[in-house]
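In: predicted model follows, preceded by the sequence.
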Amino acid sequence: MKLIELRNELKKTYRQHGKDVADIDFIVSELLKVSRTELSLIDEISSAQEKKIRQYAKFRLDKSIPIDKLFKKSYFYGLQFFVDENVLSPRQDSETLVDSAIKYIKLMDLKNVLDLCTGSGCLAIAIEKNCMVNLTASDISKSALKIAKLNAKRLSANIRFVLSDLFENIDEKFDLIISNPPYIPSDVIDSLDREVKDYDPMLALDGGADGLDFYKKIASDFSTHLTERGILILEIGYNQCEDVISIFKDYKFLEKVPDLNGIDRVLVFQNKE
Ligand SMILES: C[S@@+](CC[C@H](N)C(=O)[O-])C[C@H]1O[C@@H](n2cnc3c(N)ncnc32)[C@H](O)[C@@H]1O
């Protein structure tokens, strides 16, 4: 069969089901082991290849399994991460946090960085690959930390990992603390897409009744772990900007940063002098 015909047919099906048609090219290029730009160079495929492509496309559609969990790989900040059911799939929106962290590291010559709630390690690793800093990353989930360590090893990122319930096992002070904590209100989780609620760990999503539990906990403890005038950078959920700014009202608010969709996604605070 001609590959272009199969791609068009499957994209049409995905479009009819409201699925992202770009997933088809992702599936095809993964299975044929070529880059997406090389797909147009392939003319005929074997019937075994066609069968496999159809199988994966159907499986993704029927089970609503996210494309990165299907292949256990996710691309974030130009890097490839291993992901499975134990970690949140890295979101493109979170690249905004990485951009902000790199900006402040360079601007203020920050050296010691803590990534609280690291999950797959994507934020810490992206920063480590772009800056000369000492990185510590922590998470309460043993299985998430195992994956973060694997990703750091694969990407040759030098990071110290700590198993910790927020700051419980963290003793040092840092120049910069970043965090993308769970921030979905508990009663909203049930209404999320199956791709999220069935395949991202609950531990990575549930931010308590109003979604703000982690910001409140971080606000009560972070300043003793931050050097004087150190920086705190937080990812926030849709509509949480004003609430989170008021939770951190005792600290200097530096800026809010929108993501690529124009939604306020990142807040930057500075510790007291
Ligand atoms: C929203 S995910 C963020 C993962 C990753 N940093 C990212 O941006 O893709 C939140 C992470 O917080 C972790 N977590 C949940 N409760 C925690 C706690 N009490 N202390 C530390 N980490 C926690 C979860 O295991 C999960 O990996």
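Out: It's in.
In: what about the closest residue to the ligand within the stretch 51-200 of the chain, neighbour count?
Out: Residue nearest to the ligand within the stretch 51-200 of the chain: residue 119 (2.5 Å; C-beta to the nearest ligand atom). Quick note: C-beta positions are derived from backbone N, CA and C, even for glycine. Residue crowding around residue 119 was assessed by other C-beta atoms under 10 Å; the count is 30.
In: does it belong to a helix or a strand, and which?
Out: Assigned by DSSP states H and E, residue 119 falls within no helix or strand.
In: can you check the one 5 residues further on too?
Out: In the assignment (DSSP H and E), residue 124 maps to helix 122-128.
In: only C-alpha atoms, please: export the helix or strand following that helix in PDB.
Out: Moving toward the C-terminus from helix 122-128, the next helix or strand (DSSP H and E) is strand 134-139. This file holds the C-alpha atoms of strand 134-139, laid out as PDB (Å, rounded to 0.1, in the frame of the first residue of the first chain):
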ATOM      1  CA  ASN A 134      24.000  22.500  40.800                       C
ATOM      2  CA  LEU A 135      20.600  20.800  40.600                       C
ATOM      3  CA  THR A 136      18.600  18.900  43.200                       C
ATOM      4  CA  ALA A 137      15.300  17.400  42.300                       C
ATOM      5  CA  SER A 138      12.700  15.800  44.600                       C
ATOM      6  CA  ASP A 139       9.400  14.000  44.600                       C
END
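In: so what's the gap between the helix holding residue 124 and the chain middle?
Out: Centre-to-centre, helix 122-128 and its host chain are 10 Å apart (C-alpha atoms, centre = their mean, to the nearest Å).
In: also stretch 204-212?
Out: Taking mean C-alpha positions (C-alpha atoms, centre = their mean), stretch 204-212 and its chain are 16 Å apart.
In: what's the answer for stretch 4-13, then?
Out: 30 Å.
In: ditto for stretch 3-22
Out: Worked out by C-alpha atoms, centre = their mean, stretch 3-22 lies 26 Å from the chain centre.
In: where does the stretch 1-150 of the chain dip in pLDDT?
Out: The stretch 1-150 of the chain contains no residues with pLDDT under 70.
In: get me the contact residues on this protein for the ligand.
Out: Contact residues, the chain versus the ligand (C-beta under 6 Å from any ligand atom): 88, 90, 94, 117-120, 122-123, 139-141, 144, 165-166, 180-182, 203-204.
In: need the nearest residue in space to residue 65, chain neighbours excluded.
Out: Excluding the flanking residues, the one nearest residue 65 by C-beta to C-beta, 6 or more residues apart in numbering is residue 199, at 6.3 Å.
In: before we move on, the earlier item: list of residues touching the helix holding residue 124?
Out: With contacts defined as C-beta atoms under 8 Å, 6 or more residues apart in numbering, helix 122-128 is touched by 74, 76-77, 79, 81, 90, 94-95, 97-98, 101-102, 105, 113, 115, 118, 133, 135, 137, 148, 151-152, 155, 157-159, 178, 180.
In: keeping just the C-alphas, turn that helix into PDB.
Out: Below are the C-alpha coordinates for helix 122-128, written out as PDB (Å, rounded to 0.1, in the frame of the first residue of the first chain):
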ATOM      1  CA  CYS A 122      11.900  17.100  32.600                       C
ATOM      2  CA  LEU A 123      12.200  20.600  34.200                       C
ATOM      3  CA  ALA A 124      15.400  19.900  36.100                       C
ATOM      4  CA  ILE A 125      17.100  18.100  33.200                       C
ATOM      5  CA  ALA A 126      16.100  20.800  30.700                       C
ATOM      6  CA  ILE A 127      17.700  23.400  33.000                       C
ATOM      7  CA  GLU A 128      20.800  21.300  33.700                       C
END
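In: how close does the residue of the stretch 51-200 of the chain closest to the ligand get to residue 90?
Out: Taking C-beta to C-beta, to the nearest Å as the measure, residue 119 falls 8 Å from residue 90.
In: how is this structure carved up into domains?
Out: 3-63, 82-270 (automatic domain parsing).
In: most packed of the ones you listed?
Out: domain 82-270 (a mean of 19; mean count of other C-beta atoms under 10 Å).
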